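Colleague: Take a look and give me a structure for this.
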Amino acid sequence: MMILSELGKTIKSLRQQKGLSQEILAQEANISRATLSKLENGYIANISIVTVNQILSLLGFEIDIKPTNPFKT
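Modeller: Next up is the predicted model:
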């Protein structure tokens, strides 16, 4: 399970594993390199979930919603 504060680090790691520069991924996601840089550095307050989903999709991943405690109902 990933916590929200780790999202940027995870995206950066996935991007680097794919051998993509920030510039290339940002162009493919139709965002600025500066926006991607902010996301990778943990500044996610002004980035839409649609944008995050687009970036993850380009990296071959998707958003998955899971209960924080599967034993609670």
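
Colleague: show me where the chain has helices.
Modeller: With DSSP state H as the definition, the chain shows helices at residue ranges 7-17, 22-28, 33-40, 49-58.

Colleague: CSV please, covering those helices and showing mean neighbour count, mean pLDDT and distance to residue 67.
Modeller: Heads up, the C-betas are built off the backbone N, CA and C, glycines and all. Rendered in CSV, the data for the helices of the chain read as follows (neighbours: other C-beta atoms under 10 Å; pLDDT from 0 to 100; distance: least, C-beta to C-beta, whole Å):
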stretch, mean neighbour count, mean pLDDT, distance to residue 67
helix 7-17, 16, 96, 18
helix 22-28, 16, 98, 31
helix 33-40, 18, 94, 25
helix 49-58, 15, 94, 19
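
Colleague: Using a markdown table, please lay out these together with distance to residue 65.
Modeller: What follows is these, written out as a markdown table (distance: least, C-beta to C-beta, whole Å):
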| stretch | distance to residue 65 |
| --- | --- |
| helix 7-17 | 14 |
| helix 22-28 | 24 |
| helix 33-40 | 19 |
| helix 49-58 | 11 |
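
Colleague: Nearest to residue 68, out of these?
Modeller: Comparing the helices of the chain by their distance to residue 68 (C-beta to C-beta), the top pick is helix 7-17, with 15.5 Å.

Colleague: Please consider this matter closed, and thank you.
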